[in-house]
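J.: 3D, please:
(chains A, B, C and D)
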Number of protein chains: 2
Amino acid sequence: MATITDVSNRAKVSRSTVSRIIAGNGYVSDAARAAVDLAIAELGYRPNQMARGLRSNRSGIIGAVVGDIAAPFYAQMVGGMQTRCRKGQKNILVASGYANVADETRAILELIDRSCDGLILYLENPVTEKANTIIAQTQVPVVVIGGSACSAAQGTVRIDNFAGARDGMRYLLAKGHRKIAYFAGNMEFHDTRERLLGIEAAMVEAGLMWNDLYLDRGEYSADFGQAAANRLLASDYPVTAIFAGDDDIAAGALLAIRAHGMQAPRDISILGFDDNFHARHLTPSLTTVRQPIDLAGELAADLLLAIIGDTKPETTDIQIKTELLQRDSVRDLMP
Amino acid sequence: MATITDVSNRAKVSRSTVSRIIAGNGYVSDAARAAVDLAIAELGYRPNQMARGLRSNRSGIIGAVVGDIAAPFYAQMVGGMQTRCRKGQKNILVASGYANVADETRAILELIDRSCDGLILYLENPVTEKANTIIAQTQVPVVVIGGSACSAAQGTVRIDNFAGARDGMRYLLAKGHRKIAYFAGNMEFHDTRERLLGIEAAMVEAGLMWNDLYLDRGEYSADFGQAAANRLLASDYPVTAIFAGDDDIAAGALLAIRAHGMQAPRDISILGFDDNFHARHLTPSLTTVRQPIDLAGELAADLLLAIIGDTKPETTDIQIKTELLQRDSVRDLMP
DNA sequence: GCTCTTTATGGGATCGGTCCCACATCTAGT
DNA sequence: ACTAGATGTGGGACCGATCCCATAAAGAGC
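T.: As a prediction, the model looks like this:
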């Protein structure tokens, strides 16, 4: 492969001049520029990004640490980041699927070792002390999505889980439901706990007690939804509506409901959370609290890019609103 | 941040010795090793991957170019790659979502500029001449998933779309269906054309003519499935089964079928392709040709890692079989 | 005509590692 | 005791760019 020296020799200028032309800064005469452009074309020269990165300490890479890239939820988020990063001429290095906090920490450090220009983190656990220290030391700009704690983060993008869950609950309440079940996802996730708070808030507003809620906890998966619904249906608890922690849980619950010979929303209503790809294809099509995941990714990338580019962002703490999508899975009990 | 020189000074050895210890090759005395390990720990030293990569021409990064990381299909594939790459101590740089071939080519070249140790490509279009030339020149190991042409590729992982579609069609035929519709996805994709061939093969076997097939073509999306089903149902074509190009198309078709007051599989059967996350949650749960996407990603990564590591892979052309998953969406018409 | 700034260019140090080679010891074999 | 090989270490070139500084010519202002 041709190097910058090859180009400079061929164009009969110094390496400095070629460098200036590639970077597009500094003074360059038209003649020199023409000669260099020609040489670059003739040699098929492409600058080595490793060398460039080493010297300038800018890699053009954004590191993203997310739960599991194979899951649509995270994939959409990364997709959002990528749309925006492309405009900022950055590539995304994805690190995901770590079993434990130690591995996750190691992944963050590895990204820093790679001289990433910035990091976007969506973590289920708080960032460890070790990672925090190194982030602070190296001054890598970090933007965090969700509520996970990272003291060294310079920006945050949060989806308003509290309001989302509260609004969902308000909606069920407004439709006349009083005996409601909530199938919560992983309790160790910050988001889950926020949603629970939102649910409590809506219940308090309506003059209900915490005990009026049937609560089951597990994980964000259809299997859990199915199991939880089976448990619920086996008990004689007179529930009229299920609020599922996410659409996958809802899908599983729907399976169980049907297996029990019941129909939603005639016999029992169901409300989801996320609005994932298949929510509208379920039967009945799922009423759900829409979470704009891709937007979260986009805004996080925008924010990070602004911080890297020394543009003062309007705000470093972005809140994203959820939206209740009415479809066919919740029955109106009001007369 | 501490550099290798800082470590060598502190440990009172040469930079060479430190380097040997980090790389884990060459002769090193126990005393030197202990001193260096201590110094590394005390300084919190972490090797700069840019510098290492520049000199050694190994970046530890695998570049992946896929259609659209936000789509579950591709996300699963990348997830598969990542599982295996982690074992090979490699990170994955994802490039996706390119609107046209020119952008895609540019992305490939960018990955090469980044000194990627290898590339995994899943492309809808053949690799351009330009990219091929540079791949050949730089000798980057490339593994291709799917049928997209890349003359410089050193390995291929193919899902047997022909057999998958043929088996799906055979299944419908075996269940007594004769008037069948096929809703094909994007015709410009190699996979799509292979499936069509498989369908033809099964029809020929059964003594049917190409004209016996009702064919609609569009793209891999629920919207297309819905539109195609609407068109079909509006015509008086007496179809008893729909073979959908993928599960998304099937989901859309199901929506249209229900909207027409019909029920699957009572009034019309439907067969999908992929077995994506929601296939089993549709109503009726979808009988489909399962494509192990994640496995494709895993095997591609394994193959690439083997090539990079100079291990002679058993085969450089891997075929993955599909599997017909019987669920509830196809009716048996046989007496 | 003289100074001051702007424009243009090249030289060489530098980023932080790796890698090759020279050299010194130590052990083993004859 | 002498040689051959294994073990251990340091020196310095090198990877391919960027970046700072020195230098020089051209234009501007008085």
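J.: Surely A:Ile242 is within a strand?
T.: Yes - A:Ile242 forms part of a strand when assessed by DSSP: H, G, I helix; E, B strand; the rest coil.
J.: confidence score at it?
T.: The per-residue pLDDT reported for A:Ile242 equals 98.
J.: now the one 5 residues further on
T.: The predicted local confidence for A:Asp247 comes out at a pLDDT of 97.
J.: can you tell if stretch A:116-125 touches chain B?
T.: No - using Cβ under 8 Å from any Cβ of the partner chain, stretch A:116-125 never reaches chain B; the gap is at least 9.9 Å. C-beta coordinates here come from the backbone N, C-alpha and C atoms, glycine included.
J.: and the end-to-end length of that stretch?
T.: Using Cα to Cα, to the nearest Å, one end of stretch A:116-125 lies 22 Å from the other.
J.: Pull out the buried positions in that stretch.
T.: For stretch A:116-125, burial by neighbour count (16 or more other Cβ atoms under 10 Å in any protein chain shown) applies to A:Cys116, A:Asp117, A:Gly118, A:Leu119, A:Ile120, A:Leu121, A:Tyr122, A:Leu123, A:Glu124.
J.: Out of those, the closest to B:Ile320 would be?
T.: Distance to B:Ile320 across those (Cβ to Cβ) is lowest for A:Tyr122, with 31.1 Å.
J.: Show me what from the stretch 51-200 of chain A comes close to DNA strand D.
T.: A:Ala51, A:Arg52, A:Leu54, A:Arg55, A:Ser56 (Cβ under 7 Å from any atom of the strand).
J.: Just the buried residues of those residues.
T.: Neighbour counting with 16+ other Cβ under 10 Å marks A:Ala51, A:Arg52, A:Leu54 as buried within these.
J.: Contacting DNA strand C as well, which ones from these?
T.: Near DNA strand C, judged by Cβ under 7 Å from any atom of the strand, the entries from those are A:Ala51, A:Leu54.
J.: picking up where we left off before, distance to DNA strand C added to the buried residues of stretch A:116-125, as TSV?
T.: TSV is the format used below for the buried residues of stretch A:116-125 (distance: Cβ to the nearest atom of the strand, whole Å):
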residue	distance to DNA strand C
A:Cys116	15
A:Asp117	16
A:Gly118	18
A:Leu119	19
A:Ile120	24
A:Leu121	24
A:Tyr122	29
A:Leu123	27
A:Glu124	31
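J.: how far out from the middle of the chain is the host helix or strand of A:Leu215?
T.: Using DSSP states H and E, A:Leu215 falls within strand A:213-217. Here the centre of strand A:213-217 is set off from its chain's centre by 26 Å, with Cα atoms, centre = their mean, to the nearest Å.
J.: pLDDT on the following helix or strand past that strand, on average?
T.: Counting by DSSP H and E, the element after strand A:213-217 in chain order, helix or strand, is helix A:222-234. For helix A:222-234, the mean pLDDT works out to 97.
J.: same question, stretch A:253-270
T.: Here the average pLDDT along stretch A:253-270 is 95.
J.: By proximity to DNA strand C, which residue of the stretch 201-335 of chain A wins?
T.: DNA strand C sits closest to A:Ile308 of the stretch 201-335 of chain A, with a gap of 19.0 Å, by Cβ to the nearest atom of the strand.
J.: what about that residue, neighbour count?
T.: Using other Cβ atoms under 10 Å in any protein chain shown, the number of residues around A:Ile308 comes to 18.
J.: Quick check: which ranges of chain A have low pLDDT?
T.: For chain A, no stretch has pLDDT under 70.
J.: Could you find the closest non-adjacent residue to the residue of the stretch 151-300 of chain A found nearest DNA strand C?
T.: When scored by Cβ to the nearest atom of the strand, the stretch 151-300 of chain A has A:Ala152 as its residue closest to DNA strand C, at 20.3 Å. In this structure, A:Ala152 finds its nearest non-sequential neighbour in A:Ile135, 3.9 Å apart by Cβ to Cβ, 6 or more residues apart in numbering or on different chains.
J.: the helices in the stretch 101-250 of chain A, which residues?
T.: For the stretch 101-250 of chain A, the helices defined by DSSP state H, counting those that start in this stretch occupy A:101-113, A:129-138, A:161-174, A:190-205, A:222-234, A:247-259.
J.: follow-up on the earlier one: what about the buried ones among the residues of the stretch 51-200 of chain A next to DNA strand D, which are in helices?
T.: A:Ala51, A:Arg52, A:Leu54 (DSSP state H).
J.: For chain B, tell me which of these show up nearby.
T.: Checking these against chain B (Cβ under 8 Å from any Cβ), the matches are A:Ala51, A:Leu54.
J.: now the nearest residue to A:Glu124 once chain neighbours are set aside: how far from A:Ala64?
T.: Excluding its sequence neighbours, the residue lying closest to A:Glu124 (Cβ to Cβ, 6+ apart) is A:Phe189, at 5.1 Å. Computed as Cβ to Cβ, to the nearest Å, the A:Phe189 to A:Ala64 distance reads 18 Å.
J.: In terms of packing, which of those two has more residues around it?
T.: Neighbour tally, A:Phe189 and A:Ala64, criterion other Cβ under 10 Å: the higher count belongs to A:Ala64, 31 against 22.
J.: Which secondary structure state does the more buried one sit in?
T.: strand.
J.: pretty sure it contacts A:Leu93?
T.: Yes - using Cβ atoms under 8 Å, A:Ala64 is in contact with A:Leu93, at 6.9 Å.
J.: hang on, the earlier thing: columns distance to A:Val289 on top of the helices of the stretch 101-250 of chain A, output as TSV?
T.: Output for those, formatted as TSV (distance: least, Cβ to Cβ, whole Å):
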stretch	distance to A:Val289
helix A:101-113	28
helix A:129-138	32
helix A:161-174	5
helix A:190-205	9
helix A:222-234	15
helix A:247-259	9
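J.: okay if I get these as a markdown table plus mean neighbour count?
T.: Formatted as a markdown table, the helices of the stretch 101-250 of chain A follow (neighbours: other Cβ atoms under 10 Å in any protein chain shown):
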| stretch | mean neighbour count |
| --- | --- |
| helix A:101-113 | 19 |
| helix A:129-138 | 16 |
| helix A:161-174 | 22 |
| helix A:190-205 | 19 |
| helix A:222-234 | 21 |
| helix A:247-259 | 25 |
